[in-house]
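Chemist: Any chance you can model this:
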Amino acid sequence: RPQFGGRPAPPPSPAAALLTPCPPHSPHRLPTVATTPATARPRLPRPPRATPADPPTPTPSWDESGPPAGLNVRLRAFHAKDGSAGRGPPPPPDPEAAASARRREQLDSRAGRREAADRDEAVAAAAAIAGAQAAADAAAVDVATATTATLLDLFSDLCAAGRLRDALTLMERASVAKRVGFLRRLRHKHFLGAAAAARSAEAAALALRFVDALPAGVADARTYTLALSAAAAARCAASAHAARDALRAARVDPDAIMHTTIVAAHAAAGSVDAAFDAYAEMRAAGVRTDARVYSALVAACARAMAALPPGPASRRTCLVLLERASGVLDDMAVARVRPDAPVWNALIGAAGRAGALQRAFAALDDMKAAGVPADDRTYVALIEGCGRAGRRDLAVRVYHSALRAGAGDASPLLYTATVAACRGD
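Modeler: Numbering: from 1, shown residues only. The predicted structure is shown next:
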């Protein structure tokens, strides 16, 4: 019949026909299965809902009703373990017990240091025996007929034992015998790492000889970086300059790590002008600098101050070096590099060596304002500066300030610097 304003109803869709229930007597209707009604569970009454007229009951807090039941008993049991009753303060410690505990700790530390020293001696003796045996084997081996693996093992054993001269002799004999395969497969880190660990001018010179003994084209930027690290560890200016000249002669393009190592090597050797020249080359090459470079520059200025003899001329030189060290911090601000504790400590030490105590304490204030915590070396630099200026009272005040700040707890350096400043050493 017409619907919706006289229009006929649309025909049913297939989906609607499927959803239409079948007549009761239709053959397509499924048979009805009789089911047994399940026992109905009793339904619990729901709690009445809160109305605006009945506000919810506030939850009691500890301030109003006290702590939960049983908590006081647990607190009393916890305090009873410490020897105090209730919530009162614990009794004062026994001085004799504290003294005996400190004596036991000292004895234990002494015994531990003695055991560590004995262990180190045993390891050193075993290494010496192994090194002597490796040196004897290297001297007796026929380099022309020995296998490459045998020569590499001998070379590694000599480097591990610190027999750098014997290892270099083995290299030179292999070079004479035209054992290019052995020389190309050498681990540069074994020899140059042992040279850096030796921390001596002789080891730094041997590192340069090692680089020269390598075949052409074998030494790369990493090799020269390790050689410069050996010169920096030995604080040898001659080796640092020689390594830099060898790098230029080999026409190796230095990377950021090599630039940083060059600056650190010259700074460790006390060559302030060479360190700042290397820093200028680093900036001209567009290499990004980090805090290690700036710390090395400031430390180079402080180390050069320490090497100067006392006198008016030395004081003027110290002031010039202090200005150069202060300029490093300006460069750090321009480069947006945050100074760390070693940079501030070196600057404070440089100001103390120059006799500018006001600038040293101003640097300490700037250090704290920058959010860098002062450590024991910071206060040691201040105390040493006060001792050089003859201000013993100020040195003692700095010592107590370090103790209050917690930077001088169990620090023998701080105590020794204070005693030396009071004695006038």
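
Chemist: Buried residues in stretch 215-225, which are they?
Modeler: Ala219, Thr223, Tyr224, Thr225 (16 or more other Cβ atoms under 10 Å). In this view, the C-beta of every residue, glycine as well, is placed from N, C-alpha and C.

Chemist: just checking, the third one touches Ala250?
Modeler: Yes: counting by Cβ atoms under 8 Å, Ala250 is a contact partner of Tyr224 at 7.3 Å.

Chemist: How much space separates the closest residue to Ser271 other than its chain neighbours from Ala243?
Modeler: Once flanking residues are discounted, Ser271 sits nearest to Ala237: 4.9 Å by Cβ to Cβ, 6 or more residues apart in numbering. Per Cβ to Cβ, to the nearest Å, Ala237 is found 11 Å from Ala243.

Chemist: Neighbour count for the two, which is higher?
Modeler: A count of neighbours by other Cβ atoms under 10 Å puts Ala243 above the other of Ala237 and Ala243, at 27 against 17.

Chemist: how about the residue nearest to Ser271, what does it touch?
Modeler: His266, Ala269, Gly270, Ser271, Ala274 (Cβ atoms under 8 Å, 6 or more residues apart in numbering).

Chemist: Quick one: mark the members of these that sit in helices.
Modeler: Taking DSSP state H as the definition of helices, the contacts of Ala237 contribute His266, Ala274.

Chemist: Verify the stated contact: Val337 with Arg288.
Modeler: No: applying Cβ under 8 Å as the test, Val337 and Arg288 come out as separate, 9.2 Å apart.

Chemist: Can you classify Pro373 by secondary structure?
Modeler: Per DSSP: H, G, I helix; E, B strand; the rest coil, the local secondary structure of Pro373 is coil.

Chemist: if I pick it, what's in contact with it?
Modeler: By Cβ under 8 Å, 6+ apart, the neighbours of Pro373 are Ala341, Ala407.

Chemist: Torsion angles phi and psi at it?
Modeler: Taking degrees, to the nearest 10, you get phi -70, psi 140 for the backbone angles of Pro373.

Chemist: Next secondary structure after the helix or strand containing Cys301?
Modeler: Cys301 belongs to helix 291-306 when assigned by DSSP states H and E. Downstream of helix 291-306, the next assigned helix or strand under DSSP H and E is helix 312-335.

Chemist: who touches that next one?
Modeler: Counting by Cβ under 8 Å, 6+ apart, 272, 276, 289, 291, 294, 297-298, 301-302, 304-305, 308, 338-339, 343, 346-347, 350-351, 353-356, 359 sit against helix 312-335.

Chemist: of these, buried ones?
Modeler: Using 16+ other Cβ under 10 Å, the buried ones in these are 272, 276, 289, 291, 294, 297-298, 301-302, 304-305, 339, 343, 346-347, 350-351, 353-356, 359.

Chemist: check contacts around Glu172.
Modeler: Here Glu172 is in contact with Ala213 (Cβ under 8 Å, 6+ apart).

Chemist: Look up how far Leu151 lies from it.
Modeler: With Cβ to Cβ as the criterion, Glu172 and Leu151 are 13 Å apart.

Chemist: Over to Ala144?
Modeler: 11 Å.
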